[in-house]
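> how would this look folded up:
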Amino acid sequence: MVSEHIIKSYDQELQRLDNIIAEMGGLAESQLAAAIDAVSKRDSELAARVVKGDSRVDNLERDVEGLVVRLLALRQPMARDLRQIIAALKIASDLERIADYAGNVAKRAIALNQTPPVRPAGGIPRMGRLGGIMIKDVLDAFVERDAEKALAVWLRDEEMDDLYTSLFRELLTYMIEDPRNITSCTHLLFMAKNLERIGDHTTNIAETLYFLVHGTPLAQVRPKRDRTSLAYTPDATADDPEDDEA
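Residues are numbered from 1 along each chain as shown. Sure thing, here's the model as predicted:
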């Protein structure tokens with residue numbers, strides 16, 4: 001059997017897989033940044049462009065799936081190559097979900113712009129900026145195959161949970177104090193939940209990358225500090241990308 005290191009086209013296909021993941025990650029990162037910008041500036045046109053741009057990430061995920069099937073069928077990869085291919089499939093799925101959640105934030109931004117501004121809206125950009133940093137760092141870790149950098153991203157999920165819990169409580173307080181805030185604050189609650197889920201999917205990517213580099217799962221228990229389950233929370237499935245027809 002000819003070694004995969006001798007077959008140049010095999011190496012090119014593996015590199016193509018990495019390139020698509022990097023492109024997906026860049027798009028997901030920019031989609032999130034634009035969605036947060038749309039919230040901050042109350043820019044419905046920008047939000048609409050974010051929603052429309054989601055299809056590009058979907059198309060790239062299909063490219064990854066097709067290339068993975070080809071590699072598994074024709075190359076019969078083993079060891080690290082097999083880990084790279086399976087990792088790419090899992091990471092592509094997480095990036096597609098991240099872009100979907102960014103699109104949901106943009107959709108909520110359009111609705112939010114139809115209501116008067118409320119002060120807790122400032123918590124959304126803070127969560128969004130942290131999410132953007134986590135995505136960028138985990139993509140850098142992927143390119144560099146840096147498991148320690150991936151672990152640092154994994155640990156930052158606690159910070160995202162803290163921001164989410166704090167904003168959740170602040171929004172509930174605003175709704176209790178003045179029922180006129182309920183509509184605006186409900187949109188913000190869903191935005192915050194979408195951003196918290198972006199943090200979770202970024203953490204998934206970090207775990208996958210750790211496995212890719214070391215060949216063993218991350219032994220630590222994932223840190224979670226989301227305390228909102230102790231209070232009323234909106235139905236998370238209402239803004240779940242899997243239930244989105246758009």
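> Centre of the chain to stretch 77-91, how far?
Distance of stretch 77-91 from the chain centroid (Cα atoms, centre = their mean, to the nearest Å) equals 20 Å.
> Could you list the buried residues of it?
Buried residues in stretch 77-91, counted by 16 or more other Cβ atoms under 10 Å: 77, 81, 83-91. The way it works is simple: take the backbone N, C-alpha and C, and place the C-beta from them, glycine included.
> Tell me which residue lies nearest the centroid of this protein.
Ile98 (2.8 Å; Cα atoms, centre = their mean).
> phi, psi of it?
Its backbone dihedrals place Ile98 at phi -60, psi -50, with angles given as degrees, to the nearest 10.
> nearest residue to it other than its sequence neighbours?
Ala28 (4.6 Å; Cβ to Cβ, 6 or more residues apart in numbering).
> and what of Leu72?
Closest to Leu72 by Cβ to Cβ, 6+ apart is Ile85, at 6.7 Å.
> Which strand or helix spans the residue nearest to Asp54 when sequence neighbours are not counted?
Nearest residue to Asp54 in three dimensions, chain neighbours excluded: Gly103, at 4.4 Å (Cβ to Cβ, 6+ apart). Element membership for Gly103, per DSSP states H and E: helix 79-112.
> Now the element after that helix, going C-ward?
Note on helix 79-112: by DSSP H and E, the next helix or strand toward the C-terminus is helix 123-144.
> related to what we said a few turns ago, which helices and strands does the helix holding Gly103 pack with?
helix 8-41, helix 44-75, helix 123-144, helix 182-214 (3 or more Cβ pairs under 8 Å, 6 or more residues apart in numbering; DSSP states H and E).
> orientation of the first one relative to helix 79-112 in degrees?
Using axes from the mean of the first three to the mean of the last three Cα atoms, to 10 degrees, the direction of helix 8-41 lies 20 degrees away from that of helix 79-112.
> can you tell me which residues contact the residue nearest to Ile98?
57, 95-96, 98-99, 102, 135 (Cβ atoms under 8 Å, 6 or more residues apart in numbering).
> returning to what we had before: I'd guessed the residue nearest to the centre of the chain sits against Ser30; true?
No: when contacts are counted by Cβ atoms under 8 Å, Ile98 is not listed as touching Ser30 (11.3 Å).
> so where's the protein uncertain?
Applying pLDDT under 70 to the chain flags residues 1-6, 221-246.
> at 80 instead, please
1-8, 219-246 (pLDDT under 80).
> Just the buried residues of stretch 176-188, please?
Result for stretch 176-188 [16+ other Cβ under 10 Å]: buried residues 181, 183-188.
> so what's Pro116 up against?
Ser184.
> how far away is the spatially closest residue to Val213 that is not a sequence neighbour from Glu207?
Among residues not flanking Val213 along the chain, Ala147 sits closest, at 4.0 Å (Cβ to Cβ, 6+ apart). In this view, Ala147 and Glu207 are 10 Å apart by Cβ to Cβ, to the nearest Å.
> nearest to Glu170, of the helices and strands packed on helix 79-112?
helix 123-144 (6.7 Å; Cβ to Cβ).
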